[in-house]
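Visitor: Output the structure for:
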Amino acid sequence: MERSKIVAIITGAISVLLAIAYLIIVQILDYRDMQPAPIMQIILDLGIRH
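Guide: Numbers count the residues shown, from 1 in each chain. Okay, the predicted model is just below:
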């Protein structure tokens with residue numbers, strides 16, 4: 001095989017591996033049960049007083 005074909009195959013394989021890793025990371029982050037902070041905590045963090 002020519003060198004350019006080998007480079008193209010390796011680059012394509014790396015691209016596919018990165019895409020699969022990205023999808024796995026997104027699924028893991030999406031799976032977590034993220035709950036928003038309570039409103040009072042946000043108000044205290046901003047320093048807003050009643």
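Visitor: now the residue most central in space within the chain: how far from L17?
Guide: Geometric centre of the chain, nearest residue: V26, 4.7 Å, by Cα atoms, centre = their mean. Using Cβ to Cβ, to the nearest Å, V26 is found at 15 Å from L17. Quick note: C-beta positions are derived from backbone N, CA and C, even for glycine.
Visitor: tell me which element the residue nearest to the centre of the chain falls in.
Guide: Assessed by DSSP states H and E, V26 sits inside helix 3-31.
Visitor: What's the first helix or strand after that helix?
Guide: Assignment by DSSP H and E places the next element after helix 3-31 at helix 39-46.
Visitor: Relative to L18, how far out is the residue nearest to the centre of the chain?
Guide: 13 Å.
Visitor: for the chain, which spans come out with low pLDDT?
Guide: Across the chain, the ranges flagged by pLDDT under 70 are 37, 48-50.
Visitor: what about 80?
Guide: The model of the chain has pLDDT under 80 over residues 1, 32-50.
Visitor: Name the residues of the helix holding V26 that are buried.
Guide: For helix 3-31, a neighbour-count test (16 or more other Cβ atoms under 10 Å) marks nothing as buried.
Visitor: cool, and stretch 32-41?
Guide: For stretch 32-41, using 16+ other Cβ under 10 Å, no residue counts as buried.
Visitor: Dump the C-alpha coordinates for it into CSV.
Guide: Coordinates of each C-alpha in stretch 32-41 appear next as CSV, following Å, rounded to 0.1, in the frame of the first residue of the first chain:
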residue,chain,number,x,y,z
ARG,A,32,-26.0,10.9,36.1
ASP,A,33,-29.0,12.3,37.9
MET,A,34,-28.1,16.0,37.9
GLN,A,35,-30.4,18.0,40.1
PRO,A,36,-30.5,21.8,40.1
ALA,A,37,-29.3,23.7,43.1
PRO,A,38,-32.1,24.9,45.5
ILE,A,39,-33.1,28.5,44.9
MET,A,40,-32.1,29.5,48.4
GLN,A,41,-28.6,28.2,47.7
